[in-house]
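>>> Have a look at this prediction, sequence included:
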Amino acid sequence: MASDTVGGLGTRQPDLAPDDAVGARRAKRKPAADSKPPRRPAKSRLDEWMEVDFKFGGSRIKRKTIALVVLGAPALVPLFFMLPALVTLDSNTFSVSVDDTLGTGAEIALFLCLLVTPLTTITGQRWFVPLRRWYGIVMACTGIGDAVAASITDDFAGGVFGRLAGHAFELMGFMMVMLVIPLLITSNPYSQRKLGKYWKRFQGLTYAIWALLAAHLILLEGFGFQRGANGSGFAGDGDPIFHQRFYQYSACSLFLLILRLPPARRWIAARQREGRNWLVYVVVLPLFALFVFGFIFILNEEIFKGIDSFTEHPSNE
Amino acid sequence: MNKAVMSEAYARGGQPRNIAGGVILILSSLLAAILVAAGLMYAMGTSARHEAAITAADCEPGLAPDGLQCTTAQMLTSQYTAIVTPASQQLATDMAAYTASERRNLAAAHMALTAEVMSEHAFGTNLAAIKFPVTMAPIAQALIQANQARAKLTAEQAQSTSLAQLRSFNHQVQAANAAVQAEMKLLSKALATNPPGAQPR
């Protein structure tokens, strides 16, 4: 078998590797004298459009910058929801609803962070890639804020450690926060330069957080849903299945997981090379629809619990 | 490698067909499509399930004002407990801090009393936000008033300029506390024995 073939057994297709790593490997190869310069993936039309700058006030701003701010700012909303309770030192609001407001906010930020790579794979666009780091940072801050507030205001016995890790589901949350701290510390260009090729592997801890979130929600909600007054999810509105947090997590995670599997990415890359991206969209559409379905109910939870927290009339439903 | 398999693998533009990736994507996509369809069908029954749920909780939706749900016993108890439990804990902490400093540290006693006033005000505000049914509203109102009286007294106590003056309020505050506790017991009893069935929110 020719050694330069890609995608065969035991070989790694270059365009599947993380971009930074690909860049590093390409840089090490010495090009042959008659070889063409290494091909970079052509920028999509939208990427090019986003690179155009326009005059804003006295300076010039890229369209991309505006789009990134508009898409990135909502991730801060969960922290904003808790602001009045923080300013007025309302321990009741923190005690009752900080877990729902900041915990769900961190979950949303994690899913948005994880969504960037699959969307890049499908669309070939890269203008929104900086959002991955931003959502990751917001996820870390929100999660740490949740843990700090819970350690002070929760009702569980056993002091600070008891309030943070006194129950199995809390222990999972505590481990997530412990993992997110080094990720947050190294989420800057300086650390990226210093850690070199290990940076990408280190940031892979995000996947451990993703898995721990599943354990956290299973231990918190179980696999079933509310029937009558028993179980998780609020049955009062007639949608207990949609309010089951582990179901929401699973609905979102299927899309994020499948689009990360190397065979699936190879298949998508092959269809794109054939110019049949429409087929990719058709195949991926139900997965994305399921993601949106689950994500809408996570947002619903965040908005209702968040507004209750903002008005300092916390809901423990 | 078998020649036929090889040509199959490289059938398109010299690239492997990567059947596994396609199978994974198509199967997971079919599963997702089934789940989305099931979710949409389930969502169509939301209103029927909602009515069944509130009827099962002794709440008649037909009696509720347009566009409003009625408050079930479970919802009301949950709202009340969510306010009372942390407020009681906070007040107990503030009172313990006051007791520890009432005989020797005027500044610390002032701080404890100020915190107590804030906790009492927060408790009253949160309680007032609950929409109690008409049968319980008078009890809740009495509790809010008793709590306001206690907060006013505690605020006056916090204005004291000496430890002796501070302690002179203790009996009055204890009586105000007892009044609040009595109203809380009444409301808890009403919630336990007289659920708000058929009461509009």
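Right, received. Where do you want to start?
>>> Run a quick neighbour tally on residue 119.
Let's take chain A. Counted with other CB atoms under 10 Å in any protein chain shown, the neighbours of residue A:119 add up to 17. In short, each C-beta sits where N, CA and C put it, glycine included.
>>> oops, I was thinking of chain B
Residue B:119: 25 surrounding residues under other CB under 10 Å.
>>> Isn't it up against residue B:92?
No. Counting by CB atoms under 8 Å, residue B:119 sits too far from residue B:92 to count as a contact (9.7 Å).
>>> Now do the contacts for residue B:127.
Contact analysis of residue B:127 by CB atoms under 8 Å, 6 or more residues apart in numbering or on different chains lists B:83, B:140, B:143-144, B:147.
>>> now do 7 Å
B:83, B:140, B:143-144 (CB atoms under 7 Å, 6 or more residues apart in numbering or on different chains).
>>> Just the pLDDT at it, thanks.
pLDDT, residue B:127: 87.
>>> gap between residue B:94 and chain A?
Counting by CB to the nearest CB, to the nearest Å, the gap from residue B:94 to chain A is 11 Å.
>>> looking at it, that residue is touching residue B:114, isn't it?
No. Residue B:94 is beyond contact range of residue B:114, at 8.9 Å (criterion: CB atoms under 7 Å).
>>> Could you list the low-pLDDT ranges of chain B?
Low-confidence segments of chain B, defined by pLDDT under 70: B:1-17, B:53-74, B:194-201.
>>> Which helix in it has the most residues?
helix B:73-101 (DSSP state H).
>>> need the next SSE after that one, C-terminal direction.
helix B:106-129 (DSSP states H and E).
>>> now that next one against helix B:73-101, angle please.
When axes from the mean of the first three to the mean of the last three CA atoms, to 10 degrees is applied, the directions of helix B:106-129 and helix B:73-101 differ by 170 degrees.
>>> list the buried ones in the next helix or strand after helix B:106-129?
Later in the chain than helix B:106-129, the nearest helix or strand by DSSP H and E is helix B:137-158. Across helix B:137-158, burial judged by 16 or more other CB atoms under 10 Å in any protein chain shown covers B:139-140, B:142-144, B:146-151, B:153-154, B:157-158.
>>> Among the residues you listed, find me the one that's closest to residue B:110.
Closest approach between those and residue B:110, by CB to CB: residue B:158, at 5.7 Å.
>>> Which residue comes closest to that closest one once chain neighbours are left out?
Once flanking residues are discounted, residue B:158 sits nearest to residue B:113: 3.9 Å by CB to CB, 6 or more residues apart in numbering or on different chains.
>>> which residues sit in contact with that neighbour?
Going by CB under 7 Å, 6+ apart, residue B:113 touches B:98, B:154, B:157-158.
>>> What about residue A:281, how many residues nearby?
13.
>>> quick one: which helix or strand includes it?
Using DSSP H and E, residue A:281 sits in helix A:277-310.
>>> Give me the mean pLDDT for that helix.
Mean predicted confidence for helix A:277-310 is 94.
>>> what angle do it and helix B:106-129 make?
Relative orientation of helix A:277-310 versus helix B:106-129 (the same axes, to 10 degrees): 120 degrees.
>>> Helix A:277-310: how far from the chain's middle?
How far helix A:277-310 lies from its chain's middle: 12 Å, per CA atoms, centre = their mean, to the nearest Å.
>>> What helices and strands are in contact with that helix?
Helices and strands touching helix A:277-310, by 3 or more CB pairs under 7 Å, 6 or more residues apart in numbering or on different chains; DSSP states H and E, are helix A:77-81, helix A:91-98, helix A:104-123, helix A:245-258, helix A:262-273, helix B:19-44.
>>> quick one: residue A:103 and residue A:147 touch, right?
No. If you go by CB under 7 Å, residue A:103 and residue A:147 don't touch, sitting 9.4 Å apart.
>>> More neighbours: these two, which one.
Of the pair residue A:103 and residue A:147, residue A:103 is the one with more neighbours under other CB under 10 Å, namely 29 against 26.
>>> Could you list which residues are in contact with the nearest residue to the more buried one once chain neighbours are set aside?
If the residues on either side of it in the chain are set aside, residue A:103 comes closest to residue A:146, at 5.1 Å by CB to CB, 6+ apart. Taking CB under 7 Å, 6+ apart as the criterion, residue A:146 is in contact with A:98-99, A:102-103, A:106.
>>> and the next element down the chain from the host helix or strand of residue A:146?
For residue A:146, the host element (DSSP H and E) is helix A:130-153. Remark: after helix A:130-153, the chain's next helix or strand is helix A:159-165, criterion DSSP H and E.
>>> can that next one be found next to chain B?
No. Helix A:159-165 does not reach chain B (CB under 7 Å from any CB of the partner chain); its nearest approach is 12.7 Å.
>>> Name the residues that touch that helix?
So helix A:159-165 is contacted by A:147, A:150-151, A:154, A:156, A:170-171, A:174 (CB under 7 Å, 6+ apart).
>>> go on, stretch A:123-130?
By CB under 7 Å, 6+ apart, stretch A:123-130 touches A:41, A:44, A:46-47, A:50, A:64, A:68, A:71, A:116, A:120, A:272.
>>> With stretch B:90-101 instead?
Applying CB under 7 Å, 6+ apart, the contact partners of stretch B:90-101 are A:91, B:108-109, B:112-113, B:115-116, B:119.
>>> before we move on, what about stretch B:153-165?
Residues from elsewhere that reach stretch B:153-165, judged by CB under 7 Å, 6+ apart: B:102-103, B:106, B:110, B:113-114, B:116-117, B:120, B:166, B:169, B:172-173, B:176.
>>> most neighbours, which of the contacts of stretch A:123-130?
Counting by other CB under 10 Å, top hit in these: residue A:50 with 21 neighbours.
>>> from memory that residue sits against residue A:67, does it?
Yes. The pair residue A:50 / residue A:67 is scored as a contact, 6.4 Å apart, by CB under 7 Å.
>>> So the closest residue to residue A:104 other than its chain neighbours versus chain B, what's the distance?
Distance criterion CB to CB, 6+ apart; nearest residue to residue A:104, sequence neighbours excluded, is residue A:302 at 4.6 Å. As judged by CB to the nearest CB, residue A:302 and chain B stand 18 Å apart.
>>> what about residue A:302, how many neighbours?
Residues lying near residue A:302 (other CB under 10 Å) number 21.
>>> same question, residue A:184
When neighbours are counted by other CB under 10 Å, residue A:184 comes out with 16.
>>> Which strands or helices does the helix or strand containing it pack on?
Assigned by DSSP H and E, residue A:184 belongs to helix A:168-185. If you count contacts as 3+ CB pairs under 7 Å, 6+ apart, helix A:168-185 packs onto helix A:130-153, helix A:159-165, helix A:205-221.
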